[in-house]
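# below are the sequence and a predicted model; questions follow.
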Amino acid sequence: MSVAHDVDLGPLVAAAPPPAEWFRSTVHQQVGLFALGWALGEQLRDWNVRPSVLFGNSIGEYVAATLAGVWAPTDAASLVHTRASAMAASAPGRMIAVSAPAAEVLDRIGSGHGVTLAIDGPGQVVLSGPAAAVEALLAGTALTGLDVRVLPSSTRSTRPPCARRRIAARRGRRHAAARPKVRLIANETGTWAGEDLGPGYWAGQLLAPVRLTGGAATVLAEDLTVFLELGPGTSMLGTLRKHPDWSAGPTTIALLGKSGGDSTDDDRHRPGGPGEKALLSAVGALWALGADEALTGLVAADEPEPPVLCSLPPHPFADTSPDDETPAHRPVTAGPVTRSAAATGRALLAELWCATLGVSSVDEEDDFFELGGESLMVVSLLGRVRDRTGQAVSPVEFAAGPTFGTLVRLAGPAAGSAVEQRLAAGIVPLHDDPAPEGRPVFLVADAFGTVLPYRELAPLLDRPVYGVAPAAGDPAPGPRGRIERLAAEHVAAIRSVDPDGPYTLGGWSFGAVVAHEVARQLEAAGAVVDHLIGLDGFPPAANRPIGADPGYLAGSLRVLGTVVLGSGPQGSRVRDRVLRTRFTANVTALLRYRPRPVRCAATVFLVDTGDPALGRIRHKLAGSYSGEVSAHRAVGDHWSMLTAPHVSGLAATLRARLTDR
């Protein structure tokens, strides 16, 4: 490549990582991704690991097609270079991700504005187009009410240079096979590729939508047992997990681990860093699954007998002496679990971990989120741990260091009883380092019954912060499904920490409405509530059922439908029956709830809301709160407003408001 196209990929494998600007080049990005994916695939082939199906996204489709024998590697690399050069030479554009089905999004945005569907994924689509057209779409009302996120990467308008790619495709076909030698998913159709991968297909591949939803359905219908992702990140594994047809049976392996996180690029390149550890873990997982034929084939000509396979100590090695009484860390392979004493300890936790993530084995240092886990999956895992072991584990404490070793420490027999008592009472410390003269802030759980959404906000408030969740084991807001009953439980939990007040309360979404009722009950009991915080949530009006508000009713029913049916960005993630039961009960109770006025001040943060709307909302809230009402626009969307980088600005405004009080 460096000779033919003046592209040097040497920095990718250099001891020191290249500067950040090297990666900003579209050509470097795309040619580098192709070279990396193809090299990993060929290495696996050398180890006799043979794919049954190949499925790639965008540049990944070139990797898949080359591994399937459609392209000679040099021809494919040249075509990728032409593709990337065409993008770099085109007018700049923008991309946005929208969490909604493709049919709904396309119906909302219409046509004739230059914004088109780039990716059709399970529960989420990506739109792309000229920068001005995308900005105009964002400024309008077509996507109002949907979860919209502007992607940091830019796209390009590629129609004018497309002829260059058609020429390159024709030249490359001299070395292309008549049809794939391995079953291959075509991005353009989401079905099996046949003999239709001619020059026209590749010339238009950049412009046609990527049908990830259809492709995932085609792959999952094959009832495969192992899914392996080539290249950095877990985006394709995530696509499969979010599809409605996904089940927890298959094993998933990310060959290079999860991209991003807290590690710097320098860390990932460094020997022993996250990238190397992920690769070693992936190779170990392949070995455990039986992909070890290459080991028996690596026999020198002068060796009379093949070597005998044997198990070696795992990597990384234990850092304790063999004479130490502390048992060494060993990988645990999931298997049949009995009700023996051993099965109620580490082996059982390993089985629950593997079943939740779809992996075959687990080691002490395995990271839940790097293996594709999400916040709701944490809640599901810890719920199963409590059901099977009787040990309550705080999701927040686990998420602070989400490794299997942490789970063993928090759920094992030596776990402190204080955690059990706090969870039983419904109180979870989110940030309990006392600030000077700072009263605690109590943040109420969301509709899934978890306080995990507050884990990034809490440390930024410079005062003690407690999450208030349903009492451990309670799947719904009380037997009668009433917000008032749930709030009464929260009042008792809050007073177990602070008997006298004054109280500062808040919540996100559903939690904001419950916090309102908690404030009312505290005031009715003679306590003082000085401030109520609403994070993209508030009661729409006092003295009438929330379900009587058309906007709240429509939005609540839409979200409820996605969770019950397992569709959309949230519904596809909620596969745990208890979580769905709790969410359904909470939303149903919310619509019946009739809020009453309280005497405290209120600060509300709202997304996708301009200044005129904030003024109207502030006026509406004046009927619910007799104290000062402040309304602010939050950066991000409903799901990202409490995460970096958006949460820092929100926290700064909130700190100032609490100090003013």
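Yep, that arrived.

# now do the helices in the stretch 401-550 of the chain.
Ranges of helices in the stretch 401-550 of the chain, per DSSP state H, counting those that start in this stretch, are 404-411, 417-425, 483-497, 510-524, 550-565.

# avg pLDDT for the host helix or strand of Phe398?
Element membership for Phe398 (DSSP states H and E) is helix 395-399. For helix 395-399, mean pLDDT is 78.

# export only the CA atoms of that helix, formatted as CSV.
Output of helix 395-399 as CSV, limited to C-alpha atoms (Å, rounded to 0.1, in the frame of the first residue of the first chain):
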residue,chain,number,x,y,z
PRO,A,395,-25.4,-2.0,41.4
VAL,A,396,-23.6,1.2,42.1
GLU,A,397,-20.8,-0.5,44.1
PHE,A,398,-20.4,-3.1,41.4
ALA,A,399,-20.4,-0.6,38.6
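
# just to revisit the earlier point, where among the helices of the stretch 401-550 of the chain is average confidence lowest?
helix 417-425 (a mean of 51).

# tell me how many other residues crowd the closest residue to Asp549 other than its chain neighbours.
Spatial nearest neighbour of Asp549, excluding adjacent residues (CB to CB, 6 or more residues apart in numbering): Pro540 at 4.1 Å. Quick note: C-beta positions are derived from backbone N, CA and C, even for glycine. For Pro540, the neighbour count with other CB atoms under 10 Å is 20.

# which residues touch Pro540?
Contacts were defined as CB atoms under 8 Å, 6 or more residues apart in numbering; by that measure Pro540 touches 546, 549, 551-552, 620.

# which one (most neighbours) among those residues?
Ile546 (20 neighbours).

# ok, that one to Gly93 distance?
With the distance defined as CB to CB, to the nearest Å, Ile546 ends up 41 Å from Gly93.

# likewise Gly190?
24 Å.

# without its sequence neighbours, what residue ends up closest to Leu410?
Val393 (4.6 Å).

# my guess is that neighbour contacts Val379. True?
No - Val393 is beyond contact range of Val379, at 10.5 Å (criterion: CB atoms under 8 Å).

# quick one: which helix or strand includes the residue nearest to Leu410?
Val393 belongs to no helix or strand, assigned by DSSP H and E.

# which phi and psi values does it adopt?
phi -120, psi 130 (degrees, to the nearest 10).

# where does the stretch 201-350 of the chain dip in pLDDT?
248, 258-275, 290-344 (pLDDT under 70).

# now the strands for it?
210-211, 226-229, 251-254, 332-333 (DSSP state E, counting those that start in this stretch).

# surely Val148 meets Val98?
Yes - Val148 is in contact with Val98 according to CB under 8 Å; the separation is 5.4 Å.

# name the nearest residue to Gly37, ignoring sequence neighbours.
Nearest one to Gly37, counting by CB to CB, 6+ apart, is Val63 at 3.7 Å.

# okay, that neighbour and Arg83: tell me how far apart.
Counting by CB to CB, the gap from Val63 to Arg83 is 13 Å.

# next one: Val126
On the measure of CB to CB, Val126 and Arg83 end up 18 Å apart.

# and for Gly534?
47 Å.

# where along the stretch 1-150 of the chain do the strands fall?
Under DSSP E, counting those that start in this stretch, the stretch 1-150 of the chain gives strands at 53-54, 93-99, 116-121, 124-130, 147-150.
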